[in-house]
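Participant: 3D model of this:
(one chain, ligands or ions: 1)
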Amino acid sequence: MTSKSLSPESLAAQALGWVDETTRAVVPPIHVSTTYLRDPDNQYRSGRVYSRADSPNYNQPEELLAKLENGADALVFSSGMSAASACFLALAPGDHVIVSKVMYWSLRNWLMNFATHWGLKVQFVDTDRIDAVRDAIQPGQTKLIWIETPANPLWTISDIAALSDLAYRAGARLGVDSTCATPVFTRPIELGADIVMHAATKYLNGHSDVIAGALVSARKDDYWQRVRMIRGQLGTVLGALESYLLLRGMRTLFPRVRTASANAQWLAERLVAHPHVAAVLYPGLATFAGRAVAAKQMRGGFGAMMSIRVRGDADISGEHAAIATAAHTNLWKRATSLGGVESLIEHRASVEGDGTPAPSDLLRLSVGIEAKEDLLADLEQALAIAHRRNTP
Ligand SMILES: *Cc1c(COP(=O)(O)O)cnc(C)c1O
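Facilitator: Presented below is the predicted three-dimensional model:
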């Protein structure tokens, strides 16, 4: 069977089925060399020179990810941030970019501060509204539309197919931060996106032990060459051990993400009815604003990220009740980040600070693969304590 006819699950489980030619090992060796031997006639026929730009450790994770996303090529980076920022640095000062108003806060900060200072004209738009994006496009000037969907921490959904159409007609690229959708549920390139970005730190690795990023491109064009050059020149490359761990994590991507997403759907449906929960933000709920678009572009699940807004009462504000709830969970770990097999809970406004779109009563939940009943019971007892403690 050629890899073309195999399903993504099979490709991931076997990391493309590669075997090391020297040893017949079914797990790839970790290459630690930073430099490579030059041929006597002064050539570098191996194609390898120095590891700031590239390394054999990337071959398998990059090729596997390109296959899972149905792209032409992929690059792994030292972090999600270095992957995302390379997409903007490959543009030119003076270019206009449209980015989601609701997005990963650290990238938003970098765009507002560094990228703007460097000369990009950055416009934050509600990218879940097609007309708002259409109005923001500056013909000839807009070079990139950048969306995150579902977007941190409100899980706002942007329509990839509709926006790729707008971008194409404007001569701009569409970049999609697909970290939370994962290739398990969404393949943005098949919907028309030009670039897909992953904080591989999250679901692709899946074990909260690697900081990594990745990009997949629909085409090997000049823009993509600039992105590759930026990685090589700045050296925002992944370490050898991290590359190995990332590939190991990707082998279990499908069962991990499907289990976590099923847990999230189950929890969301129960938490909507909870007396101490004012709202559940989760694209898998029929009442969620972006549900119809999510159903169109997410196949087989809505992901494992959700947020809840904790209800206040006469004795405690929603904000304090939310913070107290997080303080009293045991199984849910009070920590930032997402996408690991363990469930995490976080009062998001405390992390993001000024300018956050997160209401002060919002808790972000990264649902893991524990037993769903245990996760619900732990949240329920924490919500109960948060409210009881402050009631005379
Ligand atoms: C974590 C995250 C990033 C940044 O990734 P790092 O690996 O932490 O640099 C970007 N986008 C999203 C959606 C994320 O969750």
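Participant: excluding its backbone neighbours, what's nearest the residue nearest in space to the middle of the chain?
Facilitator: Nearest to the mean C-alpha position of the chain, by Cα atoms, centre = their mean, lies Thr179 at 1.5 Å. The spatially closest residue to Thr179, leaving aside those adjacent along the chain, is Ala199, at 4.4 Å (Cβ to Cβ, 6 or more residues apart in numbering). The C-beta positions use only the backbone N, C-alpha and C, and glycine is treated the same way.
Participant: Same check on Phe185?
Facilitator: Met298 is the one closest to Phe185 (Cβ to Cβ, 6+ apart), at 4.4 Å.
Participant: Now stretch 274-293: average pLDDT?
Facilitator: The pLDDT scores in stretch 274-293 average 97.
Participant: Pull out the buried residues from that stretch.
Facilitator: Within stretch 274-293, the residues that count as buried by 16 or more other Cβ atoms under 10 Å are 274, 276-285, 288, 290-291, 293.
Participant: Who is His198 paired with across the strands?
Facilitator: Ala214 (DSSP bridges).
Participant: Contacts only, for Lys333.
Facilitator: Lys333 makes contact with Glu342, Ser343, Leu344, Ile345, according to Cβ atoms under 8 Å, 6 or more residues apart in numbering.
Participant: should've said Asp165
Facilitator: Gly192.
Participant: distance between the helix or strand it falls within and the chain's centre?
Facilitator: Using DSSP states H and E, Asp165 maps to helix 160-170. Its chain's C-alpha centre and that of helix 160-170 lie 21 Å apart, by Cα atoms, centre = their mean, to the nearest Å.
Participant: likewise stretch 133-149?
Facilitator: With Cα atoms, centre = their mean, you get 20 Å for stretch 133-149.
Participant: For that stretch, what is the spacing between the initial and final residues?
Facilitator: This stretch, stretch 133-149, spans 15 Å end to end (Cα to Cα, to the nearest Å).
Participant: what's the answer for stretch 36-52, then?
Facilitator: First residue to last in stretch 36-52 (Cα to Cα) measures 12 Å.
Participant: ok, and for that stretch, which residues are buried?
Facilitator: For stretch 36-52, by 16+ other Cβ under 10 Å, it's Arg48, Ser51.
Participant: Name the surrounding residues that touch stretch 321-331.
Facilitator: 276, 309-313, 316, 332, 334, 343, 345-347, 350, 360-363, 370, 374-375, 378-379, 381-383, 385-387, 389-390.
Participant: For that stretch, the averaged confidence score.
Facilitator: In the prediction, stretch 321-331 has an average pLDDT of 97.
Participant: roughly how far is it from the heart of the chain?
Facilitator: Worked out by Cα atoms, centre = their mean, stretch 321-331 lies 25 Å from the chain centre.
Participant: tell me which residues in that stretch are buried?
Facilitator: Buried-residue list, stretch 321-331, by 16+ other Cβ under 10 Å: Ala321, Ala322, Ile323, Ala324, Thr325, Ala326, His328, Thr329, Leu331.
Participant: Now for the residue nearest to Phe185, how many residues are close by?
Facilitator: For Met298, the neighbour count with other Cβ atoms under 10 Å is 21.
Participant: show me what contacts it?
Facilitator: Here Met298 is in contact with Ala181, Phe185, Thr186, Pro283 (criterion: Cβ under 8 Å, 6+ apart).
Participant: Please enumerate the strands of the stretch 251-392 of the chain.
Facilitator: Secondary structure of the stretch 251-392 of the chain by DSSP state E, counting those that start in this stretch: the strands cover 277-281, 305-310, 333-334, 344-347, 362-366.
Participant: And the buried ones among the contacts of stretch 321-331, selectable in PyMOL?
Facilitator: Of the contacts of stretch 321-331, the buried ones can be selected in PyMOL as follows, counting by 16+ other Cβ under 10 Å:
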select buried, resi 276+309+310+311+312+316+332+343+345+346+347+360+361+362+363+370+375+378+379+382+383+386+387+390
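Participant: about what we covered before: can you say which two of the contacts of Met298 are spatially most distant?
Facilitator: Greatest spacing in the contacts of Met298, by Cβ to Cβ: Thr186 and Pro283 (10.9 Å).
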